[in-house]
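[1] Predicted structure and sequence below. I'll ask about it afterward.
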Amino acid sequence: MSKNKKRKRSEEEDSKKPVGPPIWDLDPDEEKKSEQWIPIVKIISEAKRKLQSAEKKNGVTFALIGSSGCGKSSIIRKVFIDQLFTKVAKEEDKKEFIIQVFTESSKSDAFDGLAKDKNILMDCKGLDEDIINWAYHMNEKYDKKYNFMFILDDVLDVRFKKLVRSMFLTMRNTNISSLISLQYPNLIPKSVRTSVYFTILFFFAQNEGIELAVRGWMTPYLTGRNIEEKILQYRTWTNGADGHQMFLLDNLNHKCYYVNAEYNCKEIPMITMQKKGWKSGDKLGEYSSTPRKRTKNEFSMHNGEKGELGEWDDGDEVDSWWASSKKKEKEE
């Protein structure tokens, strides 16, 4: 087989692989670890044992954020209700949870049969603050006796920011676990975002949502020299599998994962500048461990519309490239 045919075949095979932010130069142990796909149930179950186990009575908090139709309700049912807080909790932690779901999507297939088959409490009229506050006072009075799990499925609006803050900062200390599902990242108060133990970020239809997710959670894990590149990488991954790929952030252990449509995870190394020591004025080839040429089409940040940021080659200086691209934007 000729070299050209081998190269073409290799490129075709690479194009079929799941797309995500490139992994920067790692030591052999990190590189081997980053290639392993692990079920999300195992990742979360092991990670949350720092706070919640047979001996430890603490609540764990979760936030699921993404546009409508991206699979938030499905993962709530298949991962959190069918496994983590029922089967896994009973078998591994010897715990039984009182689970209540607040939703306005009572006809959703994801929640079909929950009340009857699994004895899950369902409130299909939206959020009832009184029930949550009652549970909080019960566990305050009886030394965190009851294992509560409240799931709020797309029922939050700006009226409930105070309740969300209380659930994620105070009630968790009284053995109340909380999961909120949202379409807009800004419904979580800024003071709470970094306190959520596990955050799952899904597909967003608008760039505004992606930018909030990247700036609020993903900046340390997505490679890129500017916010536009990071937004593009976020969109590329979450667009996969018809918009059903996502990111998992484990804020307890400071880790981040790709999550595919089968709910398997692969760790993303946190980006540090220590290995390459990049600073303003360094050349691109010295900064990136996998230097390559990028064209202006790669910087399309507006729902498919082609960007006009120019192109750069290895050896170009970061400052001069970025300055010239911005100058070109203004001239046009």
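    Right, received. Where do you want to start?
[2] Please count neighbours and contacts with C-alpha atoms only from this point.
    Will do.
[3] Tell me the backbone dihedrals of Phe247, please.
    For Phe247, the backbone dihedrals (degrees, to the nearest 10) come out as phi -120, psi 140.
[4] From Ile65, how far out is it?
    Distance check for Phe247 against Ile65: by C-alpha to C-alpha, to the nearest Å, it reads 10 Å.
[5] what do those two both touch?
    In terms of C-alpha atoms under 8 Å, 6 or more residues apart in numbering, Phe247 and Ile65 are both contacted by the residues Ile200, Leu201, Phe202.
[6] Now do the SS call for Gln36.
    Judged by DSSP: H, G, I helix; E, B strand; the rest coil, the three-state class of Gln36 is coil.
[7] Tell me, what's the model's pLDDT at Trp278?
    Among the per-residue scores, Trp278 shows a pLDDT of 45.
[8] any low-confidence regions in the stretch 1-150 of the chain?
    Applying pLDDT under 70 to the stretch 1-150 of the chain flags the ranges 1-35, 106-108, 115-117.
[9] at 90 instead, please
    Scanning the stretch 1-150 of the chain for pLDDT under 90 picks out the ranges 1-36, 50-57, 68-69, 92-94, 103-128.
[10] So which residues of it form strands?
    38-39, 61-65, 98-103, 121-123, 148-153 (DSSP state E, counting those that start in this stretch).
[11] can I get those strands in CSV with distance to Ala135 and mean neighbour count?
    As requested, those are exported to CSV (distance: least, C-alpha to C-alpha, whole Å; neighbours: other C-alpha atoms under 10 Å):
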stretch, distance to Ala135, mean neighbour count
strand 38-39, 31, 15
strand 61-65, 16, 24
strand 98-103, 10, 21
strand 121-123, 14, 17
strand 148-153, 7, 23
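[12] With distance to Asn239 added, can I get those in a markdown table?
    As requested, those are arranged in a markdown table below (distance: least, C-alpha to C-alpha, whole Å):
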| stretch | distance to Asn239 |
| --- | --- |
| strand 38-39 | 20 |
| strand 61-65 | 15 |
| strand 98-103 | 26 |
| strand 121-123 | 32 |
| strand 148-153 | 22 |
